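> A structural model of the following input is requested.
(chains A and B)
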Amino acid sequence: MKRTLLAAALLVAMTAYAQPKPPPAWHQGKPPALADSKLAPLPGRMTETPASEIPINKLKLPKGFAVEIWATGMPGGRAMARGDKGKIYLGTRGIGRVYEVTDDGTRRSVRVVVDKLVQPAGVAMHGGSLYVMAINKVLRFDGIEGDPGVAPVDLTDKFDLPPEQHHNWKYIAFGPDGKLYVPFGAPCNICEPPKEYAQIRRYNADGSGKEVIATGVRNTQGFTWHPKTGELWFTDHGRDWMGDKGPEDELNRMTKAGLNFGYPYCHAKGVLDADFKRADGCEGVTLPVSTLGPHAAAMGVIFYTGSMFPKEYQNTMFIARKGSWNRTVKFGFDVVNVRPSKEGKKASVKPFLTGFLEDAKAGKFWGRPAYLLQMPDGALLVSDEQMGAIYRISYVGKK
Amino acid sequence: MLLRFTGRWAWLTALFVSAAGAQSIPERLAQCAACHGAEGVSAISGTPSLAGQPELFMENQLVLIREGVREVAPAMAAALNGVKDADIRALARHFAALKPPPPAGKPDAGTARRARELSRKAHCGSCHLPDFSGRDQIPRLAGQREEYLLEAMRAYRDNRRSGGDTIMAASLYGIADADLQVLARFLARLP
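Predicted structure coming up:
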């Protein structure tokens, strides 16, 4: 063990010596074979896409399900949080806005709640307040559903946010314990992360009581709690530049606080890292319940507990996969239905909503499903970050 | 530089603020041309050429400037105040369809060699493409004004560029001024 550590330290020191300037964060670990690769992050749109330009008819679902365009006009809209009065709030990244969607029963209207923020991806409702988390700011809007003009309370100082930006846009949610769960991604593709990163923390709602509850988490952009066990389940993005096969994204289950989920040494179901090599890299690591596909960008995850869908879907999971960029043949761009085994140790993954990806080889796609929300009537809302739209999936029976 | 703009272009700012909300596309384009050149090729130091930029890149940058996420000279920000998405898309389409700017001469052999070496190390061509023509949300670099390229790269490197994705800042991390100058000189001279 000692020798391994020494070797690892030497390797790190040698790497540091040979490479005084770190390669770009997203590019770290790119092997020579991929040196001439033209893969690049996929382009997102920042202007409104009218419903008439959304090819909703291209979407496919299992028999008996229907999909419709529910709301448009929210460029970059992704994570959704629903208030008690039915208003829905959406976070964004680049465009810096948080949207509010109001449903009058037949039509949806959209307004911007706050703008000019640095990637305000995190939105959550708790006790009638909207919590917004940007990379460098935390705001709370009290009673916003009834008081649209309410001035936010700035909670930033309470949350001890570290400075790095890469992978530090956030998905946030309140757990059954009333605490706010917040991820801090690795500030790179692959690196030995500084101690404030590659982890999930939880806080009291006011920002006090900070606690690191999981480590070795590269970049989780979605989590939820099992309706019966109350355990936290989360998706995590696998690293880039290790080829088309993976390592695959993960679906993890946190049975208790303090577990290590492997980054940067151990990926997917026990794949050792190509750059941070350690023979015992997977020792003591909690492996995922299931993998979710290579570079799939698994995002939002929910357990379905509604009464609208057929019984077989009860307590199964839906996961949105925004789709790959770091892969020559594209993968994902769908919503999958995931059914964990009774013991929760493995799971089946089946396509549910498809049709966003038109040509995997040519990299042609039109939408990128990102997050999911179960409505009180049991319908499933899906946000499409590419189109700035929300779709509604309902069960209409076998007609 | 921002301050100088405020003074020199104050009249223009006032004009834009009063009229930005309700102008036709030709009126807007005439405003663009005042600084960015009639054919989208800028003759003003510090003002970028827009001709031949990818359409989506133009769209995204215009939105980021309008939203106040990307900070620019006040006259530019004022010109986009309240402009609707549909107009932004029309402006983007217009500039994307123009002939890219002519290169500012030919790079000397030493500059070209060094620049290609730097670009290989920083993986510039992976996103901007090997001929630096850009694509989708990623800008064209070939033929852009040299001093504009240099300042843009410095701003990214020093975390002064607001509204950029985290990737570009990380891509230029630790590269010396002298090397950025070589890159800018080279890129400005590419067709």
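> from now on I want contacts and neighbour counts done on CA atoms only, so please keep to that.
OK.
> residues in chain B within reach of chain A, list them.
Within chain B, the positions lying close to chain A (C-alpha under 8 Å from any C-alpha of the partner chain) are B:56, B:59-60, B:63-64, B:67-69, B:85-86, B:89, B:122-123, B:125-127, B:129, B:136-137, B:163-167, B:170-175.
> buried stuff in stretch B:25-36?
Buried residues in stretch B:25-36, counted by 16 or more other C-alpha atoms under 10 Å in any protein chain shown: B:Arg28, B:Leu29, B:Gln31, B:Cys32, B:Ala33, B:Cys35, B:His36.
> and those residues as a markdown table, adding pLDDT and secondary structure?
Below are these laid out as a markdown table (pLDDT from 0 to 100; DSSP: H, G, I helix; E, B strand; the rest coil):
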| residue | pLDDT | secondary structure |
| --- | --- | --- |
| B:Arg28 | 91 | helix |
| B:Leu29 | 93 | helix |
| B:Gln31 | 91 | helix |
| B:Cys32 | 94 | helix |
| B:Ala33 | 94 | helix |
| B:Cys35 | 95 | helix |
| B:His36 | 97 | helix |
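> I'd assumed A:Ile69 was in a strand, is it?
Yes. Counting by DSSP: H, G, I helix; E, B strand; the rest coil, A:Ile69 is part of a strand.
> and the pLDDT for it?
Looking at A:Ile69, its pLDDT is 98.
> how close does the residue nearest to the spatial centre of chain A get to chain B?
For chain A, the residue nearest the mean C-alpha position is A:Gln221 (2.1 Å; C-alpha atoms, centre = their mean). Separation of A:Gln221 from chain B (C-alpha to the nearest C-alpha, to the nearest Å) stands at 17 Å.
> same thing with A:Val335?
Taking C-alpha to the nearest C-alpha, one finds A:Val335 at 25 Å from chain B.
> coming back round to it: now, which of the buried residues of stretch B:25-36 sits nearest chain A?
B:Arg28 (18.1 Å; C-alpha to the nearest C-alpha).
> for B:Asp87, see how far away the closest one is.
Shown here: B:Arg28 relative to B:Asp87, a distance of 9 Å by C-alpha to C-alpha, to the nearest Å.
> and what of B:Arg114?
B:Arg114 sits 41 Å away from B:Asp87, taking C-alpha to C-alpha as the criterion.
> got any ranges where the chain has weak pLDDT?
Just so you know, I chose chain A. Residues of chain A meeting the criterion pLDDT under 70: A:1-27, A:31-35, A:399.
> hmm, I had chain B in mind actually
Applying pLDDT under 70 to chain B picks out residues B:1-21.
> helices of that one, start to end?
Secondary structure of chain B (DSSP state H): helices at B:2-8, B:10-19, B:25-36, B:55-66, B:74-79, B:85-97, B:109-122, B:124-128, B:146-157, B:166-171, B:177-188.
> just name the most buried of these.
helix B:55-66 (a mean of 23; mean count of other C-alpha atoms under 10 Å in any protein chain shown).
> and that one, what does it pack against?
Counting contacts by 3 or more C-alpha pairs under 8 Å, 6 or more residues apart in numbering or on different chains; DSSP states H and E, helix B:55-66 packs against helix B:85-97.
> and A:Glu312, how many residues sit next to it?
Around A:Glu312 sit 8 other residues, with neighbours defined as other C-alpha atoms under 10 Å in any protein chain shown.
> now do the one 3 residues further on
The burial count assigned to A:Asn315 is 18, neighbours taken as other C-alpha under 10 Å.
> surely it meets A:Ser307?
No. Between A:Asn315 and A:Ser307 there is no contact under C-alpha atoms under 8 Å: 10.8 Å.
> which one of the helices of chain B lies nearest to A:Glu250?
helix B:166-171 (23.3 Å; C-alpha to C-alpha).
> and that closest one, C-alpha only, in CSV?
Included here for helix B:166-171 are C-alpha records, laid out as CSV according to Å, rounded to 0.1, in the frame of the first residue of the first chain:
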residue,chain,number,x,y,z
THR,B,166,-16.0,27.4,-18.7
ILE,B,167,-14.3,25.4,-21.4
MET,B,168,-12.7,28.4,-23.2
ALA,B,169,-11.2,29.9,-20.0
ALA,B,170,-9.8,26.5,-19.1
SER,B,171,-8.4,26.1,-22.6
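> so B:Leu150 sits against B:Val182, correct?
No. Between B:Leu150 and B:Val182 there is no contact under C-alpha under 8 Å: 9.0 Å.
> quick check: closest non-adjacent residue to A:Ala40.
Nearest residue to A:Ala40 in three dimensions, chain neighbours excluded: B:Cys127, at 5.2 Å (C-alpha to C-alpha, 6 or more residues apart in numbering or on different chains).
> which residues touch that neighbour?
Counting by C-alpha atoms under 8 Å, 6 or more residues apart in numbering or on different chains, B:Cys127 touches A:Lys38, A:Leu39, A:Ala40, A:Pro41, B:Gly134, B:Arg135, B:Ile138.
> how far away is the fifth one from chain A?
From B:Gly134 across to chain A, the span is 11 Å (C-alpha to the nearest C-alpha).
> these two touch, right, that residue and B:Ser126?
No. Judged on C-alpha under 8 Å, B:Gly134 makes no contact with B:Ser126 at a distance of 10.0 Å.
> what residues are up against the most centrally placed residue in chain B?
Closest residue to the average C-alpha location of chain B: B:Pro48 at 4.6 Å, with C-alpha atoms, centre = their mean. Contacts here follow C-alpha under 8 Å, 6+ apart; on that basis B:Pro48 touches B:His36, B:Val41, B:Ser42, B:Gln144, B:Arg145, B:Tyr148.
> now do A:Pro288
By C-alpha under 8 Å, 6+ apart, the neighbours of A:Pro288 are A:Glu250, A:Leu251, A:Asn252, A:Arg253, A:Phe261, A:Ala268, A:Lys269.
> how much space separates the fourth one from A:His267?
Looking back up the chat, that one is A:Arg253. Using C-alpha to C-alpha, we find A:Arg253 at a distance of 15 Å from A:His267.
> more neighbours: those two, which one.
More crowded of A:Arg253 and A:His267, by other C-alpha under 10 Å: A:His267, with 30 against 24.
> what about the closest residue to that one other than its chain neighbours, how many residues close to it?
Spatial nearest neighbour of A:His267, excluding adjacent residues (C-alpha to C-alpha, 6+ apart): A:Pro247 at 6.2 Å. Each residue near A:Pro247 was counted by other C-alpha under 10 Å, and the total is 26.
> A:Pro247 is in contact with A:Ala296, isn't it?
No. Using C-alpha under 8 Å, A:Pro247 is not in contact with A:Ala296; the gap is 10.1 Å.
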